[in-house]
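Q: sequence and predicted model, in that order:
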Amino acid sequence: MRSAMKKGLVVTVAATAATLTFAASVTDAFDVTANVTSACSVVAGDLNFGTYTGSQLDGSSDVNVTCTLLTPYTVKLDTGLSGDYAQRYMDGDTNTSQHLNYNLYTDITRATTWGDGTGGTGTATGLGLGVTALTHTVYGRIPASENVQPDTYRDTITATVEY
């Protein structure tokens with residue numbers, strides 16, 4: 001008889017464990033956040049006028065600006081070696097006392113000198129497109145009748161994007 005009772009007891013315990021149910025539950029919610037800040041990058045291409053023979057010589061290059069979506073920005077160009085927006089110049093490689101005059105402009109008609117927005121100079125503006133770069137063309141001109149000796153002439157212009 002003892003052994004029958006043990007079996008009944010085991011069976012009863014197993015049946016009770018199989019029918020356990022939960023009477024309540026708890027929940028909690030959590031926030032997911034990210035902060036997007038304004039950011040821009042700039043890539044400026046070289047402007048190579050080619051060979052100057054004394055006639056007016058035009059050239060162009062591009063400044064590509066990528067900014068976060070809807071970020072307003074302004075592109076400014078410095079004066080280079082000359083320190084003057086009215087007339088930029090390139091120095092000769094072998095004779096730095098030789099200067100080949102040129103200037104940079106915001107428009108194809110070359111009516112507005114590209115500078116920092118002061119003293120009658122212009123700038124380029126844009127509104128960021130996110131991952132797509134906006135291209136701003138820099139128009140350059142070497143005037144006719146520059147009287148310089150043969151050499152390679154260079155200047156370095158810094159493009160600054162303010163946003």
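A: Alright, I've got the coordinates.

Q: all strands for the chain, in order.
A: All strands of the chain, identified by DSSP state E, fall at 40-44, 57-67, 72-77, 88-92, 99-105, 124-127, 134-142, 153-154, 159-162.

Q: please produce TSV containing those strands, extended by mean pLDDT.
A: Formatted as TSV, the entries for these read as follows, by pLDDT from 0 to 100:
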stretch	mean pLDDT
strand 40-44	98
strand 57-67	98
strand 72-77	98
strand 88-92	97
strand 99-105	98
strand 124-127	98
strand 134-142	98
strand 153-154	98
strand 159-162	98
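
Q: how about the ones you listed, which one is nearest Ser25?
A: Among those, the nearest to Ser25 by CB to CB is strand 57-67 (47.6 Å). Where you see a C-beta, it was placed from the backbone N, CA and C, and this is true even at glycine.

Q: contacts for that closest one?
A: Counting by CB atoms under 8 Å, 6 or more residues apart in numbering, the neighbours of strand 57-67 from elsewhere in the structure are 38-50, 73, 75, 110, 124, 126-129, 131-142, 159, 161, 163.

Q: out of those residues, which are buried?
A: Neighbour counting with 16 or more other CB atoms under 10 Å marks 40, 42, 44, 47, 49, 73, 75, 124, 126, 128, 133-134, 136, 138-142, 159, 161 as buried within the contacts of strand 57-67.

Q: could you measure from the most centrally placed residue in the chain over to Tyr102?
A: The centroid of the chain falls nearest to Ser41 when counting by CA atoms, centre = their mean (1.9 Å). Taking CB to CB, to the nearest Å as the measure, Ser41 and Tyr102 are separated by 27 Å.

Q: then Thr21?
A: Spatial separation of Thr21 from Tyr102 under the definition CB to CB is 86 Å.

Q: the two: which is more packed in?
A: Looking at Thr21 and Tyr102 with other CB atoms under 10 Å, you find the greater number of neighbours at Tyr102, namely 24 against 4.

Q: my read is that the more buried one contacts Asp91, right?
A: No - the pair formed by Tyr102 and Asp91 falls short of the contact definition of CB atoms under 8 Å, at 11.7 Å.

Q: overlap in contacts of those two?
A: Shared contacts of Tyr102 and Asp91 (CB under 8 Å, 6+ apart): Asp155.

Q: what's the end-to-end length of stretch 129-147?
A: Start-to-end span of stretch 129-147 (CA to CA, to the nearest Å) is 45 Å.

Q: just stretch 101-117 next, same as before
A: Per CA to CA, stretch 101-117 runs 21 Å from first to last residue.
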